[in-house]
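Participant: predicted model and sequence follow; I will ask about them next.
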Amino acid sequence: MMRLLTLLAAGVPLAAAVYLPGGASAAAEISTDSAPSNCSTVSVKAPAGTRVESVTSVRNEGGTINNTGILVGSVADVPAFCDVTVTLTHPGDGDHAKVRTWLPVTGWNGRFQALGGSAYGAGDGGVGMGTAVKNGYAATTTDAGVGDVLDTSWALNDKGRVDTALLQNFASRSQHEAAVVGKEVVDAVYGKRAAYSYFTGCSTGGRQGYMEAQRYPDDYDGILAGAPAVNWDEFEVATLWPQVVMNNEKTHPSTCELDTFTDAAVKACDPGDGVKDGLVEDPDRCNFDPRTLIGTKVVCNGQEMTITAADAAVVRKIWDGPRTPSGKKLWAGVPIGADLKGLANTNAPDADGNVTGAPFPVPALWVRLWLKQDPSFDLSTITYSQFTELFKQSQAQYDKVIGTDDPDLSAYRNSGGKLLTWHGLADQFIPAQGTVQYREQVERKMGGAKRVDDFYRLFLAPGTAHCGLNGSTDGLAALTAWVEHGKAPRTLPATLTNASGQTVTRDLCTYPQVSGYRGHGDPAVASSFRCVSPSRH
């Protein structure tokens, strides 16, 4: 568990680097001399369906902002800001959702930015907010009345049933209310409305951005949604599949063996883009057969192990993804090249040498609380048939609540909004295939790829883990240029880390194009590649 929490924690400062602007050059174009004139006396009107319980306003002198909760991280040299916290409740629901807005005392760039959450946390813990303020934005986030990223004490009410009001907060309504309140606070403090409004988030935050585009199309001019957790009701169950496979096959490959499978697959499929550069450009086209490693010796913590046919069979099922007992495909598996240990992690052997699975907490909590409504439910008992039942139960009960997969974005397009998404192709927690599938559904619904590209663009990052744990790109700079100057991004410059740990640059291509090697030049440099159709490499 702790290793997995460390992975989550590692994403905070990197996610901030991915989603927040790299400098003030763009901000300077619409900078304003406004300074908070009434930080201590902010009045807020309650959004429809809510009541304002309290409003507090304090001046924060800035400096170093540390993240709250289990996600570690900090941002230094944050300038002084006005900190306004509005607590809302939905009468009859007994909830208390805080909307926090930070407004730079000087140097406001005229823009408003809302920040999403992670896992089961609805909002930012401080690093993203501080970085936004540092770059001149007035920033808003909400806790939706729920807990920290893995605090699900709110899931069930005192009768042991799902708290539907708090789930609705987390799924959709609190983000919209944060947009309404945050903008109102900006107007009240600065005496003028923001010139442009943006939403930024990854994972849960990415899903929240898509929900905003789908249900509240007038909230934001631009939405930057990375590794979006759309299709929540499906992929949350699907990401428990590796544990179900290991338990049912009674085989738990060691961490070293899992890494051996991943390394071999990357090595075999790396040349697919025309050059060996340590990155798998298109994992879906990688046909590496894990059975080729049967008999391979692996040294793990000083102990020699031999990869067995059973090990290979487990990895093959995990890569293939969840299926019904009759073989019908339910969802995408862990992408080839992604860290298998994210979802197929195991506990250390007990005194008798027995190994058990260590499920990733996010899907584990979803199944225990929202599906079984039993915090002590033993996940290791799930059979293949029961897994299919859980998958279908989740679809039936929660798709309309938190699925976030409505392909009709016509209202957002008509509002003039722009949606920019990037997703790592080596995402170990949310397979990029779900995002690709959603994008293709939007194309079918809204008249084809060219029409959709006018307002919604997707970029896939080879070799990149969940929320850019091993890569970065300034998506917000690209989004602001698109929204404010009509410059649609054809590529997204990125810094990636290849299989050898080497830092390389690459221009991410607009989906469905991929990077193809030009045939000459340094493979570590973006200029050695060009965007081509997938069939041309």
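Facilitator: Yes, it's here. Numbers count the residues shown, from 1 in each chain.
Participant: low-confidence ranges in the protein?
Facilitator: Regions of the chain meeting the criterion pLDDT under 70 cover residues 1-38, 469-471, 536-537.
Participant: which residues touch the spatially most central residue of it?
Facilitator: In the chain, the C-alpha nearest the mean C-alpha coordinate belongs to Ser203, at 1.5 Å (CA atoms, centre = their mean). For Ser203, the contacting residues are 11, 118-119, 226-229, 429-430, 466-467, by CB atoms under 8 Å, 6 or more residues apart in numbering. Where you see a C-beta, it was placed from the backbone N, CA and C, and this is true even at glycine.
Participant: closest to Val58 among these?
Facilitator: Ser118 (25.7 Å; CB to CB).
Participant: from what I can see the closest one touches Leu71, true?
Facilitator: Yes - look at Ser118 against Leu71 with CB atoms under 8 Å: they come within range, at 6.6 Å.
Participant: higher neighbour count, the two?
Facilitator: Between Ser118 and Leu71, counting by other CB atoms under 10 Å, Ser118 is the more crowded of the two (29 against 25).
Participant: next one: the nearest residue to Gln513 once chain neighbours are set aside relative to Cys286, how far apart?
Facilitator: Using CB to CB, 6 or more residues apart in numbering and skipping the chain neighbours, the partner closest in space to Gln513 is Cys531 (4.2 Å). Taking CB to CB, to the nearest Å as the measure, Cys531 falls 20 Å from Cys286.
Participant: in the host helix or strand of Ala179, what counts as buried?
Facilitator: Ala179 is located in helix 174-190, with elements delineated by DSSP states H and E. Across helix 174-190, burial judged by 16 or more other CB atoms under 10 Å covers 174-186, 188-190.
Participant: residues contacting Asp143?
Facilitator: Going by CB under 8 Å, 6+ apart, Asp143 touches 97-98, 100, 121-123.
Participant: which one of those is nearest Thr292?
Facilitator: Ranked by distance to Thr292 (CB to CB), the contacts of Asp143 are led by Gly121 at 41.4 Å.
Participant: and the closest residue to the closest one other than its chain neighbours, how far is that from Phe170?
Facilitator: Nearest non-adjacent residue to Gly121, counting by CB to CB, 6+ apart: Val149, 3.9 Å away. Distance of Val149 to Phe170, computed by CB to CB: 12 Å.
Participant: mutual contacts of the two, please.
Facilitator: With CB under 8 Å, 6+ apart as the test, Val149 and Phe170 both reach Tyr120.
Participant: look at these two and report which has more neighbours.
Facilitator: Each of Val149 and Phe170 has its neighbours counted (other CB under 10 Å); Phe170 has more, 28 against 23.
Participant: state the phi and psi torsions of the more buried one.
Facilitator: phi -60, psi -40 (degrees, to the nearest 10).
Participant: pretty sure it is touching Ala122, no?
Facilitator: Yes - here Phe170 reaches Ala122: they are 5.5 Å apart, a contact under CB under 8 Å.
Participant: now list whatever residues contact both of those two.
Facilitator: Common neighbours of Phe170 and Ala122 (CB under 8 Å, 6+ apart) are 144, 146.
Participant: and the contacts of stretch 289-304?
Facilitator: Taking CB under 8 Å, 6+ apart as the rule, stretch 289-304 contacts 254-257, 260-261, 264-265, 305-309, 311-313, 315-316, 319.
Participant: which ones among those map onto helices?
Facilitator: Of the positions in the contacts of stretch 289-304, 255-257, 260-261, 264-265, 309, 311-313, 315-316, 319 sit in helices, assigned by DSSP state H.
Participant: can you turn the buried part of the residues you listed into a PyMOL selection?
Facilitator: Selection command for PyMOL covering only the buried members of these, criterion 16+ other CB under 10 Å:
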select buried, resi 255+257+260+261+264+265+311+312+313+315+316+319
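Participant: of all pairs in the ones in helices among the contacts of stretch 289-304, which one is the farthest apart?
Facilitator: So, the ones in helices among the contacts of stretch 289-304 by CB to CB: farthest apart are Thr255 and Ala309, at 19.5 Å.
Participant: follow-up on the earlier one: against Thr260, how distant is the residue nearest to Gly121?
Facilitator: Noted for Val149: a distance of 31 Å to Thr260, by CB to CB.
Participant: what of Arg323?
Facilitator: In terms of CB to CB, Arg323 sits 25 Å off from Thr260.
Participant: try Arg111
Facilitator: 48 Å.
Participant: same deal with Glu234?
Facilitator: 30 Å.
Participant: please apply the same query to Val266.
Facilitator: For Val266, the distance to Thr260 equals 11 Å [CB to CB].
Participant: please apply the same query to Thr140.
Facilitator: 46 Å.
Participant: same question for Ala348.
Facilitator: 19 Å.
Participant: likewise for Gly278?
Facilitator: For Gly278, the distance to Thr260 equals 17 Å [CB to CB].
Participant: let me see the ranges of the strands in the stretch 151-300 of the chain.
Facilitator: All strands of the stretch 151-300 of the chain, identified by DSSP state E, counting those that start in this stretch, fall at 196-202, 222-226, 297-300.
Participant: list the strands paired with the first one, with their directions.
Facilitator: The pairing partners recorded for strand 196-202 under DSSP bridges are strand 111-115 (parallel), strand 222-226 (parallel).
Participant: those: which one's closest to Glu61?
Facilitator: Of all these, strand 111-115 comes closest under CB to CB, at 21.1 Å.
Participant: mind giving me the packing neighbours of whichever helix or strand comes after that closest one?
Facilitator: The C-terminal neighbour of strand 111-115 among helices and strands, as given by DSSP H and E, is helix 127-134. Secondary-structure packing of helix 127-134 (3 or more CB pairs under 8 Å, 6 or more residues apart in numbering; DSSP states H and E): helix 2-19, strand 63-66, strand 74-78, strand 97-104, strand 111-115, strand 138-142.
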